[in-house]
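Whatever this is, show me its structure:
(one chain, ligands or ions: 2)
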Amino acid sequence: MIIPAKSSGNAPSRTCPAIAIHQVSHFFGSNPVLNHVNLTVPKGTILALLGPSGCGKSTLLKMLAGLLNPASGEIRFDGEIVASGSFSLPPEKRNLGMAFQDYALWPHMSVRQNVAFPLQMRGIKGQAQEEKVMAALERVGLADFVSRRPSELSGGQQQRVALARAIVAEPRILLFDEPLSNLDRDLRESLCEEMAVLLRQLGTTAVYVTHDQHEAHALAHHIARMDKGAIASIDTIDPSVISPFVA
Ligand code: ADP
Ligand code: MG
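Ligands and ions are numbered 1, 2, ... in the order given. The predicted structure is shown next:
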């Protein structure tokens, strides 16, 4: 099924994909890193962005996050422009949850405080905050660890805390950059399976960057393969969902 990449004007539309990347290019100095990338992610689906080291995966994800602005092209969420060559909606206004390879937890804060951080930013406090924090920690099996500091947790537990922090505010889009690649193989496999179940339960649109084919197949509805700054192919793993398309 083909759906249009752009709605007319800037108004959100129910037929829009959750993410539409249109003709996005970027350079570091004179080095072209993204070359006219076109890609859509249908609402509620998980897209794995797979490709060798250095092909531009993290750069593209940073553009979705608002941490880098494309030199040219545009990015829309639900039909609304969030980035173009001349405009960039700040990360905190994009309603995102993110988790990265290095967890990026605040070392001086407890698990509770780390997970509560996105809620604090959105002005959600008190009992409502506590309930959401506990619900997110229960989802990742860490409800008994609320008072610990990150340094008192294993790598796998720290990544679960990062996952709880990513989902706690029920963002419209989840972004992951190789979140399991610092873990040993057995843990990576089990956490990957748990994440696949969790992400499907949540039904949130997600982009999952990895260089690991098995992870991509275990987690995603669709796999976009990147090579040298361009989308080389898109495969559908789960045919029950709408397919992405190259705009
Ligand atoms: P991937 O995530 O697929 O491994 P990246 O998006 O991190 O790839 O990087 C793509 C290319 O851009 C690589 O050649 C990398 O060296 C280069 N690069 C990434 N970030 C920067 C930067 N801040 N300054 C200069 N070059 C960069
Ligand atoms: Mg990377």
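
State the three-state secondary structure for the spatially most central residue of the chain.
Nearest residue to the geometric centre of the chain (C-alpha atoms, centre = their mean): Leu175, 0.9 Å. Recorded secondary structure, Leu175: strand (DSSP: H, G, I helix; E, B strand; the rest coil).

Leaving out sequence neighbours, find the closest residue to it.
In this structure, Leu175 finds its nearest non-sequential neighbour in Met98, 4.6 Å apart by C-beta to C-beta, 6 or more residues apart in numbering. The C-beta positions use only the backbone N, C-alpha and C, and glycine is treated the same way.

Validate this expectation: that neighbour resides in a helix.
No: Met98 sits outside any helix when classified using three-state DSSP, being strand.

longest helix anywhere in the chain?
helix 185-202 (DSSP state H).

Show me which residues of it are buried.
Neighbour-count burial for helix 185-202 flags 188, 191-192, 195-196, 198-199, 202 (criterion: 16 or more other C-beta atoms under 10 Å).

for the record, mean pLDDT for that helix?
Across helix 185-202, the average pLDDT comes to 92.

again, but for stretch 144-160
Across stretch 144-160, the average pLDDT comes to 95.

The longest helix of the chain: how far from the chain's middle?
Mean C-alpha position of helix 185-202 versus that of the full chain (C-alpha atoms, centre = their mean, to the nearest Å) differs by 15 Å.

same check, this time on stretch 76-96
Computed by C-alpha atoms, centre = their mean, the chain-centroid distance of stretch 76-96 equals 14 Å.

Do you have the strands of the protein handy? List them.
Along the chain, counting by DSSP state E, strands occupy 19-28, 31-41, 46-50, 72-77, 80-84, 87-88, 96-100, 173-177, 205-210, 222-227, 230-236.
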